[in-house]
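[1] Using only what follows, build the 3D model:
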Amino acid sequence: MDGAVAFFDANYRDGLGDAVDIEPMTNLTAGSITLRQAGRRLSMDGRPWPADSAARTIPVDMRNLGNDAYVLRIIATNMRKEGFTVWLKDRHLNKETALRTDDETLYPFRRTGDQGIDSSRFEIVYRLSKPTNAGTLTPDDEVGGIAPRLYPNPAKAAEVKLSLGSLAPGRYEVQVVDMSGRLVLSKSLEHLSVKGEYRFQQGRKLAPGTYIIRVSDMQQQLKETLRLVVE
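    The predicted model follows:
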């Protein structure tokens with residue numbers, strides 16, 4: 001699929017007409033991804049920074065999806081704004097995933113087969129930061145070194161360690177998904193403390209390649225998505 005870019009500046013506005021607003025070329029056969037602004041599809045979109053009083057939503061538009069497994073790749077390294085966090089909202093699954101602002105975020109998915117759902121399934125949402133006393137993780141927490149992480153990564157050893165960082169104590173489900181969207185490993189972990197480190201067997205179960213690690217709580221709420229590279 002193609003890519004789409006949003007630019008942020010105090011001089012840009014909601015609506016069409018900014019110097020960087022560019023509509024996509026007509027593509028009737030292959031899958032395409034654009035951003036929606038004022039009811040129009042744009043491959044490049046100028047946006048104002050979010051106000052200090054409300055969230056700002058960027059609708060994502062997808063067309064002509066095939067039966068393949070897809071990975072939504074979001075690079076939010078220039079989207080950090082003090083006091084705000086950035087989220088990917090999956091309207092089909094009614095889930096939100098915190099977007100990393102120091103690296104890319106990968107989100108595997110498949111089409112539902114309903115064009116009305118697939119075309120407006122995802123949104124990128126800016127909102128005011130919330131206190132983290134409930135154990136939730138925001139992108140800004142990563143600066144403090146308490147974000148979940150995998151190591152070694154890239155991995156060559158038979159085992160990979162997982163730190164759940166600042167996630168609240170409790171039981172979590174860890175799923176390993178390959179880039180085709182296939183579940184290759186699932187394991188439950190009892191997270192006891194912020195400094196807890198856990199192992200999930202790798203061995204020969206994971207062939208060389210890139211994998212998505214999903215960490216969910218027992219209510220099936222996705223808490224974190226990590227990327228693991230096996231050499």
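[2] show me the contacts for the residue nearest to residue 14 when sequence neighbours are not counted.
    Counting by CB to CB, 6 or more residues apart in numbering, residue 48 is the residue found nearest to residue 14 once chain neighbours are left out, at 6.6 Å. (C-beta placed from N, C-alpha, C; glycine too.) Going by CB atoms under 8 Å, 6 or more residues apart in numbering, residue 48 touches 8-10, 12-14, 56.
[3] Could I get those in CSV, plus columns for pLDDT?
    Below are the contacts of residue 48 laid out as CSV (pLDDT from 0 to 100):
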residue, pLDDT
8, 82
9, 80
10, 78
12, 86
13, 83
14, 79
56, 79
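[4] Of those, which count as buried by neighbour count?
    With neighbours counted using 16 or more other CB atoms under 10 Å, those contain these buried positions: 8, 12, 56.
[5] Next, check those against the strands and list the overlap.
    Using DSSP state E, 8, 56 are the members of the buried ones among the contacts of residue 48 that sit in strands.
[6] I'd like to know which helix or strand in the protein has the lowest mean pLDDT.
    The weakest-scoring helix or strand in the chain, judged by mean pLDDT, DSSP states H and E, is strand 197-201 (a mean of 73).
[7] And the average pLDDT for the helix or strand following that strand is what?
    Scanning forward in sequence from strand 197-201 by DSSP states H and E, the next helix or strand is strand 209-217. In this model, strand 209-217 has a mean pLDDT of 83.
[8] hang on, residue 9 packs against residue 78?
    No. Residue 9 sits out of contact with residue 78 when judged by CB atoms under 8 Å, with a separation of 11.1 Å.
[9] starting at the chain centroid, how far to the helix or strand residue 186 falls within?
    Using DSSP H and E, residue 186 falls within strand 183-191. Once both centres are worked out by CA atoms, centre = their mean, to the nearest Å, strand 183-191 turns out to sit 20 Å from its chain's centre.
[10] Great, nothing more from me.
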